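S.K.: sequence first, predicted model second:
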Amino acid sequence: MGFEIPKISYNGAIKEIPLGKESNRITVGGETCYPFHLFEGNMPLPPKIAMEVYDATPEEWPQAALAPFADVVHDPAAWAQKCVASYGAEMIALQLASTDPNAQNTTAEQAVEATKKVAAAIEVPLIVWGCGNVEKDTEVLKRIAEECAGENLILGPVEEDTHKALGAAAIAYQHTIAASTPIDINLAKQLNILLGNLGVPDERIIVDPTVGGLGYGLEYCYSVMERDRMAALTQEDERLQFPILCNLAKEVWKVKEAKLSDEEAPLLGDSTKRGVLLEAMTALLFLLAGGDILIMRHPDAIQLVKGFINDLMGS
Amino acid sequence: MSKIICSAAIRGAHKIMERAEAKYEEAMGKWGPDQEIGFPNTAYYLPVIYGMLGVPVKKLGDVKDVLDRCRSLLPDMVDEHVWLPYLAPALEAGMATFFAEEIIEAIRYLESPDFYTKTEDPSNGNLWLGAADDVILRKRGVEFVDGTAPGFAAVLGAPPTEEIAVQLAQELQEKNLYVFMSADHEGRSMSEMLVKAGVQVGWGTRLVSFGPEYTATVFAAGFATRAAMSFGGVKPGDFKSILFYNKDRIFAFAMPLGTVTDEWYANAAGAINWGFPTISDTPIPEVLPTGICTYEHVVSNVPHDQLVARAIEVRGLKVTVAKVPIPVSYGPAFEGERVRKDDLFLECGGGKTRAVEWATTKDMDEVEDGKIELFGPDVDDVGEGARLPLAIVAEFAGRKMQDDFEPILERQIHHFVNYAQGLMHIGQRDIAWIRMAKAGASKGLKLKHIGDILHAKFHQDFGAIFDKVQVKLYTEEDKVKEILEKATEVYHQRDARIEGLTDETIDTYYSCTLCQSFAPNHVCIISPERTGLCGAYNWMDCKASYEINPTGPNQPVEKGETIDAKLGQWKGCNEFLYKASRQALDHYNFYSIVHDPMTTCGCCECIAAILPLCNGVMTVDRDYTGMTPCGMKFTTLAGTIGGGMSVPGFVGHGKYNLTQRKWIVGDGGIKRLVWMPKRFKEEAAERLKKMAEEVGIPDLPDMIADETVGTTEEEILAFLEEKGHPALTMDPLLE
């Protein structure tokens, strides 16, 4: 009798969520097994990588991160175009960092304008990410939802405090929501229930479990994502059967280790490669934990991760 | 349903139907069946007809079928000698009314294209806006979904004076409701009266002048119907889902002002289909039993100054208070703030004067929401360093309010008052103690503001369990004394009630999965006699928490069939546990430390452990940092058994639970207790004594060893033998 690999018996599946418009549709989710356990089930839709674009010229970015975009950082639309044309971005994630009341505090009108410009410049689905301030995100993302009706943007972060206002806007103007909770499986589930109660259809929900970068709490996030997938796939937890989005680039690149120059930290290796490897390694681990959409920054890191996805998918 | 109302509604529906048929014939003669027809800029055609029947009326010719459906819906006039129930025919008449009115209004758009402005606000001297287009629907409908506008009042007719019109409009605006206005009473309409009084009318101010005729009422029904299709994802024709969506989510009601004609009755009957009740200022018959609507159907003869409050009550609308209206900063950041002697302006209670806090339940008509009264002197009437007696009485009313919630609400007074900058609060019940700082008083803080704080915060955090709250504050000695006596009696009753709650008499326990964020498989199930191991949640708290947050961490658990009465195991609890622990555990016992004990997250106040040599059990609380006879300190124990594991021989529990009847009763209960820290023993002395008496060993507390006797089993065994501790002669703990 030959050896047989023991297999996990799954009883759930991740929902398939269509992103973007008819013309640029990308669907994520659909897994019937743990990440890349292709010997146990199916992963019909490989994970997707969205490239970051900022609504204002980034400050305090390390040279390594800035270099590929140096010619476009002042113009979000051009930046987005470059990501698609030169680096083959499958999606764009517009980070509305400048709307933060503690930063430039740009207005909702400016954010709408930036979003419209980026949306018009690209032919891939667009993620629009607020600054994380509850009041400001409510105002800004609501306006964007209204002004960009029909674009099927992925709007985030939608938290418990903002879920009513942004959920309602997503229903009315037909966008998708990134339901964001602070690294807690029960809170994630609860927010999904609340969004359902509000009337947000399931095919408009993506889960953002909140992530940290390598060396900065990644393990905790990894465990939560892992449990999220266990609950969804083996424990019939219907309200957790949603694709997972990991907004990881800004977490990776803000840490000290990614920013230190060769002179400042000679022991940490080549600073041009260091951040790239930190980002790629973080992304790779979140793929193994169950990420469906990764928001990433550096083209080289993305190349590495794409290669990894291809290898694991056997394609 | 009242026969008078039903007859009138059916009569009205017939009249409206005839009007619609006449209009249709006339229009057909003029334009023919291929003429396009509909409301402007909408993808929902004639929305009520489209929603209810799934029929898109695109051309005049399509109207014929709808009219036929109306005819078949329309019941015969109510015969004087018919005594059958009337509700169903009246509702059908109401539905037919809305269909007919949509046809009448659609033909009006054809006949006089400029009759309505088709804009958000009145323009070019035309006040009448007509049906909302889809842009308005989306923009405004979002507010209905996210709760910034909970619903609307469909006002028909007009109040007697402009002043009342303005006051009503303002009151409705303050509740964030939209006011949809139609029809006239003796030639005057609410919309026109508001404009005359200088009030701005339009979607922007939420005072929507739909139209001058009663038929424009259908625009309100159309708006509600489209909201369900647009935001509820309901398919056209799925009338049941559309009606339920509105009943459950859109807090709307009809408010006829003036003589209620047959046609108005017909519209009101129509609204009831959507779950929208009628609240009227006119003496018409009332329909009080609940059924289609959440509560009453028709409430009438309400004075104008009570109309809005009554409407909100009947429709079950919740009040929201965005900000605490006081002159000092407010928030949890100030909770820990102390008011020291040197900063002190005014002091109540704390042993210096009498002070008492009391939350109580009253009937709906005895409570006026937001009413704050102070009887006696306030800050302005006394000098610096003054002392006053104080009684705070919060009177609640609500359809979901229960006496059991009173202590939970009362306990919040402590936090809520403390959140105010310049106020310090200590204690509860009749040992309350409030200090106001000079800095607070100089900013204009008054004792009366305590009422404002409580009203706002109770609504913000606990609005789900009551509807109305008013606060009375007393600072006169004799009044305070009177309240104190009443309250003391209630405290005794409450305590007796808690004592009387047993696991046997309750079928529903509550779960708590709050700690799963760090103990993923841990599930607390809390019964009256096994309070939460953290000490923070008892059964009653969980019950209230579930009412407040139905999707939260406290879920009802039907205990179901008893598997083991002695050890405390139930089928329903096991099933819940299996699911909530994500299949990590399929059973545990509530009352045992030896046989599959309940799990702990690690937050337990105490950990009990068996001492085999003594044939008994010890317990240690978190505050005791020394060694214990089981050979482990509290921290080691917590690390060993925490994290959601069932570890035979150890169990986490609350301090209070130790002196509840069910504490490890499956293994012998309190009679097994052979060791506990001295300070904990002193703290629990009174209750421990009571339990000892109850089990027939009054001097049991003296037989329980503590660290002064020893911290090894050998040391305490001698003591137990000397005292003749009952555990030594009980059945072996380990078999």
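M.R.: The structure has been received and is ready for your questions.

S.K.: can we go C-alpha only for contacts and neighbour counts from here?
M.R.: Fine.

S.K.: pop the domain breakdown of chain B in here.
M.R.: B:1-317, B:332-499, B:508-729 (automatic domain parsing).

S.K.: hang on, A:G307 in a strand?
M.R.: No - assigned with DSSP: H, G, I helix; E, B strand; the rest coil, A:G307 falls outside any strand and is helix.

S.K.: so how far is A:P47 from it?
M.R.: For A:G307, the distance to A:P47 equals 12 Å [Cα to Cα, to the nearest Å].

S.K.: do the same with A:P76
M.R.: Distance from A:P76 to A:P47, by Cα to Cα: 25 Å.

S.K.: secondary structure element for residue 242?
M.R.: Went with chain A since none was named. Using DSSP states H and E, A:F242 falls within no helix or strand.

S.K.: oops, chain B please
M.R.: helix B:239-249.

S.K.: where in the chain is pLDDT low?
M.R.: Went with chain A since none was named. By pLDDT under 70, chain A contains no weakly predicted segment.

S.K.: should've been chain B
M.R.: Using pLDDT under 70, chain B drops low at B:1, B:80-85.

S.K.: what does it put close to chain A?
M.R.: Residues of chain B lying close to chain A (Cα under 8 Å from any Cα of the partner chain) are B:138-139, B:141-143, B:145-147, B:230-233, B:516-517, B:551-552, B:579, B:582-583.

S.K.: can you select the buried ones among these for me in PyMOL?
M.R.: Entered in PyMOL, the line below selects the buried ones among the residues of chain B next to chain A, by 16 or more other Cα atoms under 10 Å in any protein chain shown:
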select buried, chain B and resi 138+141+142+143+145+146+147+230+231+232+516+517+551+552+579+582
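
S.K.: what does the helix holding B:I242 rub up against?
M.R.: B:51-53, B:145, B:224-225, B:228-229, B:232, B:234, B:273-276, B:293-294 (Cα atoms under 8 Å, 6 or more residues apart in numbering or on different chains).

S.K.: with stretch A:225-242 instead?
M.R.: By Cα under 8 Å, 6+ apart, stretch A:225-242 touches A:9-17, A:29, A:32-34, A:185, A:188-189, A:192-193, A:205-207, A:209, A:289-291, B:579, B:582-583.

S.K.: now do the buried residues in the top helix by length along chain B.
M.R.: Longest helix in chain B by number of residues (criterion: DSSP state H): helix B:3-31. Using 16+ other Cα under 10 Å as the test for burial, helix B:3-31 gives B:3, B:5-17, B:20-21, B:23-24, B:27-28.

S.K.: if you count surrounding residues, which of A:G307 and A:P47 has more?
M.R.: A:P47 (22 against 13; other Cα atoms under 10 Å in any protein chain shown).

S.K.: give the closest residue to the more buried one in space, chain neighbours not counted.
M.R.: A:D292 (4.5 Å; Cα to Cα, 6 or more residues apart in numbering or on different chains).

S.K.: same check on B:H595?
M.R.: B:P648 (5.9 Å).

S.K.: list the contacts of the one you found.
M.R.: Contacts for B:P648 (Cα under 8 Å, 6+ apart) come out as B:593-597.

S.K.: contact partners for B:V620?
M.R.: B:V620 makes contacts with B:606-608, B:628, B:634, B:676-677, as judged by Cα under 8 Å, 6+ apart.

S.K.: which ones among these map onto helices?
M.R.: Assigned to helices by DSSP H, the following of the contacts of B:V620 qualify: B:F634.

S.K.: among the contacts of B:V620, who's most crowded?
M.R.: B:C606 leads the contacts of B:V620 on contacts (other Cα under 10 Å) with 29 neighbours.

S.K.: between the contacts of helix B:239-249, which is closest to B:G654?
M.R.: Nearest to B:G654 among the contacts of helix B:239-249 is B:T294, at 40.6 Å by Cα to Cα.

S.K.: from what I can see the closest one touches B:I312, true?
M.R.: No - counting by Cα atoms under 8 Å, B:I312 is not a contact partner of B:T294; they are 12.0 Å apart.

S.K.: more neighbours: those two, which one.
M.R.: Counted by other Cα under 10 Å, B:T294 and B:I312 do not tie: B:I312 has more neighbours, with 20 against 16.

S.K.: which SSE is the more buried one in?
M.R.: Per DSSP H and E: helix B:304-315 holds B:I312.

S.K.: same deal with B:E489?
M.R.: With DSSP H and E as the test, B:E489 turns up in helix B:477-500.

S.K.: related to what we said a few turns ago, ok, the residue nearest to A:P47 touching A:K48?
M.R.: Yes - if you go by Cα under 8 Å, A:D292 and A:K48 touch, sitting 6.2 Å apart.

S.K.: who touches both of the two?
M.R.: A:V28.

S.K.: can you pull up the bridge partners for the spatially closest residue to B:K371 that is not a sequence neighbour?
M.R.: Leaving aside its sequence neighbours, B:K371 sits nearest to B:Q470 (Cα to Cα, 6+ apart; 4.9 Å). Note on B:Q470: beta-bridge partners by DSSP bridges are B:E395.
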